[in-house]
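J.: Structure, please.
(2 chains)
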Amino acid sequence: MKKIPQQYVFILPAIVVLVLVVIFPTIFLYYISMTNYDLSLGWQVKKFVWFDNYRYLFFEDPLFWKSFLITVIFVLSTVSCEIVLGMVIALGLNKLQKGRRLLMSLIIIPMVCTPSIIALMWKLMLNTEYGVANFLLNLIRIPNVNWLSVNLALPSVIMIDIWEWTPFMVLMLFAALQSLPMEPFEAARVDGASKMQTFFYITLPMMMKLALIAVTLRLVDSFKIFDIIYGLTQGGPGSATEVFSMRIFRIGFQHTNWIGRASAYAVVILVVLSPLFSRFTKLVKENR
Amino acid sequence: MEIERNSGLKQTVTTILLVIFTLFCVFPFFWMILTSIKSRVDVIDPSVWIFKPTLDNYVRIFEKRNLLFNIMNSLIVVGGTTVISLVLGTLAAYGFARFQFKRKEDLAFWILSLRMLPPMAVVISFFVLGRLLHLLDTHIYLVIIYLSFNVPFTIWMMRGFIEDIPLEIEESAWLDGCSRYRGFFSVVFPLISPGLIATAIFCIIQSWNEFSLAFFLTTFNAKTIPTIVTAFLSVTGVLWGEMAAVGIVAIAPIIIFAFLVQKNLVRGMTFGAIKG
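T.: Predicted structure coming up:
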């Protein structure tokens, strides 16, 4: 009898578990997305409907494209603000001579806080009548803002995401700055390069890889957002903050029980994100 | 001289801007502490910053809301999934770090990409399966499902830590007659234990904070801490104090854990992909 090669003894248990908890559910998801399974009717009566759910999403669902647009706006505005703000803060921290460690310790707090709970905290702070946000604005003579109204709910959620995840960008970009070698900067100074030139031609290109990894990670995470929005607005008012994940919840569990259609939404998320997955692994591969 | 003065001013401006940003970062947490020790009346008055603190909210969440029950659920789920992930993940990480085999990197990077899988993509399957198998609202089900993000994470984190250890140390153990397995347990294991602890803390943080999966797959018996926000969604102003107290109880330990792994934070946030 041939002995099992040793490496498989180490690796196989984890692989088996991953196949069970990731591969199998994903395949099952594709299957459900092609049935008309409805929670209120039960598993036995469902039918296989091929791509009917997808046809429904793309051509009949009044909220599919709206939800898609909301998600895209959310993702692009959060990630772009976070990278720019994160870069500014990281550059500042890098210049700072004293107190870096202390500030860094405090800056990381938002990203480790339980998101669903912190969302409720923001809900209290953004309350129109007794929220502290409006109280502070009133101090500088700005009238009350209705943060969670139809028009402002999405910007508010975006602001909270920026609050939560800019620290991540700061952390990553600061680490990148710290790892830069000194020589190119000295050479640039000797050659008389201006600060702007040094930043755009030396600092930025050398940080690019790490920055791209950070951005890709954020793009994926931002696309998956659910907890913050659930705690703050539950997708409302109306469907003003109904991002894709929220739409899945509403169509599959809250407003209707159309699990089949909700699954089709989930498949769309997977398809949209998969180029980012491979982009991320490629970036990491190059960086190793 | 002028350059000196200029840079002194710049330093001050930079410091002030950074402090403002930092205040913005910590303010919600600060406000949560403040709200949690306010009386019912003061909670809905944002102009009150100085007052006589009360622990009423904390007493109430443990006596009336039975928060301990949810904390226990969280501890069981987090503990279970962390221990299993560490065992499976570390073994696999050793396999990836120390062996060569066909398509090794493809497999490793496939595992890395799993870590980014959106919970929404798998939660429906888990919900339907759980319903058919009567596993919804059980601890064991959450423990197993949390493996889907903790195992890939552990593999990548631990692979990095194991690769940091020179192979020679192990080889000398083999020369002394240790088997591969004994070498792993008696030589490698003690050396990677700091990494193991850091990885465990990351698993704890992300499992403790996990909301989406727990929200869909539990209703009462296995309801974890992050999902009790649902109890506060329809409240009137009066209960904000209790909510803030729950928040502090949930978040304070996590912040302490985060400080403990601060050195490894970049590594952790990128699943060990970047050693930081």
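
J.: who in the stretch 151-276 of chain B is up against chain A?
T.: Residues of the stretch 151-276 of chain B lying near chain A by Cβ under 8 Å from any Cβ of the partner chain: B:151-152, B:155, B:180, B:205, B:208-209, B:211-212, B:215-216, B:225-227, B:229, B:232-233, B:237, B:240, B:243-244, B:246-247, B:250-251, B:254-255, B:257-259, B:262, B:265-266, B:269-270, B:273-274, B:276. (Each C-beta comes from the backbone N, C-alpha and C, glycine too.)

J.: could you point out the longest helix in the chain?
T.: Here I'm looking at chain A. helix A:64-95 (DSSP state H).

J.: nope, chain B
T.: Max-length helix for chain B by DSSP H is helix B:2-36.

J.: Who are the packing partners of whatever helix or strand residue B:83 lives in?
T.: Residue B:83 is located in helix B:67-98, with elements delineated by DSSP states H and E. Judged by 3 or more Cβ pairs under 8 Å, 6 or more residues apart in numbering or on different chains; DSSP states H and E, helix B:67-98 is in contact with helix A:6-18, helix B:104-114, helix B:139-163, helix B:189-209, helix B:240-260.

J.: buried sites along that helix?
T.: Neighbour counts over helix B:67-98 (16 or more other Cβ atoms under 10 Å in any protein chain shown) mark B:67, B:70-71, B:73-74, B:76-78, B:80-82, B:84-86, B:88-98 as buried.

J.: returning to that earlier point: could you provide the helices and strands packed on helix B:67-98 in TSV, with additional columns for mean neighbour count?
T.: Shown next, in TSV, are the helices and strands packed on helix B:67-98 (neighbours: other Cβ atoms under 10 Å in any protein chain shown):
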stretch	mean neighbour count
helix A:6-18	18
helix B:104-114	18
helix B:139-163	24
helix B:189-209	19
helix B:240-260	21
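
J.: Including distance to residue A:248 and mean pLDDT, could these go into JSON lines?
T.: Formatted as JSON lines, the helices and strands packed on helix B:67-98 follow (distance: least, Cβ to Cβ, whole Å; pLDDT from 0 to 100):
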{"stretch": "helix A:6-18", "distance to residue A:248": "23", "mean pLDDT": "89"}
{"stretch": "helix B:104-114", "distance to residue A:248": "20", "mean pLDDT": "88"}
{"stretch": "helix B:139-163", "distance to residue A:248": "17", "mean pLDDT": "93"}
{"stretch": "helix B:189-209", "distance to residue A:248": "20", "mean pLDDT": "92"}
{"stretch": "helix B:240-260", "distance to residue A:248": "25", "mean pLDDT": "92"}
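
J.: closest one to residue A:115 among those helices?
T.: Among these, helix B:189-209 comes nearest to residue A:115, with 6.5 Å by Cβ to Cβ.

J.: what helices or strands is the helix or strand following the longest helix of chain A leaning on?
T.: As assigned by DSSP H and E, the chain's next helix or strand after helix A:64-95 is helix A:100-107. With contacts taken as 3+ Cβ pairs under 8 Å, 6+ apart, helix A:100-107 sits against helix A:64-95, helix A:153-178, helix B:2-36.

J.: Report the separation between the residue of the stretch 1-150 of chain B found nearest chain A and residue B:102.
T.: Taking Cβ to the nearest Cβ as the measure, the stretch 1-150 of chain B has residue B:95 as its residue closest to chain A, at 3.2 Å. Counting by Cβ to Cβ, to the nearest Å, the gap from residue B:95 to residue B:102 is 13 Å.

J.: okay, now residue B:39: neighbour count?
T.: 14 (other Cβ atoms under 10 Å in any protein chain shown).

J.: Could you double-check that it sits in contact with residue B:48?
T.: No: using Cβ atoms under 8 Å, residue B:39 makes no contact with residue B:48, being 9.3 Å away.

J.: Who are the contact partners of whatever residue of chain A ends up closest to chain B?
T.: With Cβ to the nearest Cβ, the shortest gap between chain A and chain B falls at residue A:10, namely 3.2 Å. Counting by Cβ atoms under 8 Å, 6 or more residues apart in numbering or on different chains, residue A:10 makes contact with B:91, B:92, B:94, B:95, B:99.

J.: now do 6 Å
T.: B:91, B:94, B:95 (Cβ atoms under 6 Å, 6 or more residues apart in numbering or on different chains).

J.: Chain neighbours aside, what residue packs nearest to the residue most central in space within chain A?
T.: Closest to where the C-alpha atoms of chain A average out (Cα atoms, centre = their mean) is residue A:222, at 1.6 Å. Using Cβ to Cβ, 6 or more residues apart in numbering or on different chains and skipping the chain neighbours, the partner closest in space to residue A:222 is residue A:75 (4.6 Å).

J.: Could you list the low-pLDDT ranges of the chain?
T.: You didn't pick a chain, so chain A it is. Within chain A, the stretches with pLDDT under 70 are A:1-4.

J.: The chain in question should be chain B.
T.: Along chain B, segments meeting pLDDT under 70 span B:1-6, B:235-238, B:272-276.

J.: In three-state terms, label residue A:143 for me.
T.: For residue A:143, the secondary-structure state derived from DSSP: H, G, I helix; E, B strand; the rest coil is coil.

J.: give me the element the residue nearest to it when sequence neighbours are not counted is part of.
T.: Among residues not flanking residue A:143 along the chain, residue A:137 sits closest, at 7.7 Å (Cβ to Cβ, 6+ apart). If you go by DSSP H and E, residue A:137 is part of helix A:132-139.

J.: what's in contact with that helix?
T.: A:125, A:126, A:144, B:31, B:46.

J.: Please apply the same query to stretch A:230-238.
T.: The contact list for stretch A:230-238 (Cβ under 6 Å, 6+ apart) reads A:116, A:119, A:120, A:123, A:150, A:153, A:241, A:242, A:246, B:229.
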